[in-house]
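Student: my questions concern the predicted model and sequence given below.
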Amino acid sequence: MKKLIDLYNTIFGKADYLAIPALFGARLYVAWVFFKSGLTKLNDWESTLLLFEYEYAVPVLDHVSAAYLATIGELVLPVLLAIGLFSRKAAIGLFIVNYVAVISLEDIPQAAYNLHVIWGLMLLAVLIWGAEKLSADNFLKIK
């Protein structure tokens, strides 16, 4: 039995090292997706306002406030997530942006919905495990 446990620990003990590049890759990928979206909103502000007024049904907020908050969130939070500064807070913020995007669109295509689910799961992984060693959080000893 001890040999079996040792074999298990040897195999899956090495798998722990995959968490560092996996979380780093997830952070960079999700940050890139949301930052690009923020730049698109910023580059055509009039269209962004029209989309938030007529297409997106953001709960609680008026369309102008929702457009500003979404754009600021998609430009600031991805940068924090990518460099790993306040990673868990950035992940929560982007998770909320992601969630609101999904519930705001009534007729979201299945493929787009699936992407939002994947991004949400990646953000949850960062929220649960943090940014690991390749981050400003680790360098500054921020939990």
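Tutor: Cool, got the structure. Source: prediction; values computed, not measured.

Student: what does residue 60 show for phi and psi?
Tutor: Dihedral angles phi and psi of residue 60 (degrees, to the nearest 10) take the values phi 80, psi -40.

Student: what's the answer for residue 130, then?
Tutor: Residue torsions, per degrees, to the nearest 10, at residue 130 are phi 80, psi -170.

Student: was I right about it contacting residue 88?
Tutor: Yes - under the criterion of C-beta atoms under 8 Å, residue 130 is in contact with residue 88, at a separation of 6.1 Å. Every residue, glycine included, has its C-beta placed from N, CA and C.

Student: residue 26 - how many residues pack around it?
Tutor: Taking other C-beta atoms under 10 Å as the neighbour definition, residue 26 ends up with a count of 22.

Student: any idea how far it is from residue 125?
Tutor: Relative to residue 125, residue 26 is positioned 6 Å away (C-beta to C-beta, to the nearest Å).

Student: residue 119 too?
Tutor: For residue 119, the distance to residue 125 equals 11 Å [C-beta to C-beta].

Student: ok, those two, which is more surrounded?
Tutor: A direct count of neighbours by other C-beta under 10 Å for residue 119 and residue 125 places residue 119 higher, at 21 against 17.

Student: that one against residue 30, yeah?
Tutor: Yes - counting by C-beta under 8 Å, residue 119 does reach residue 30; the two are 5.4 Å apart.

Student: which neighbours do those two share?
Tutor: residue 94 (C-beta atoms under 8 Å, 6 or more residues apart in numbering).
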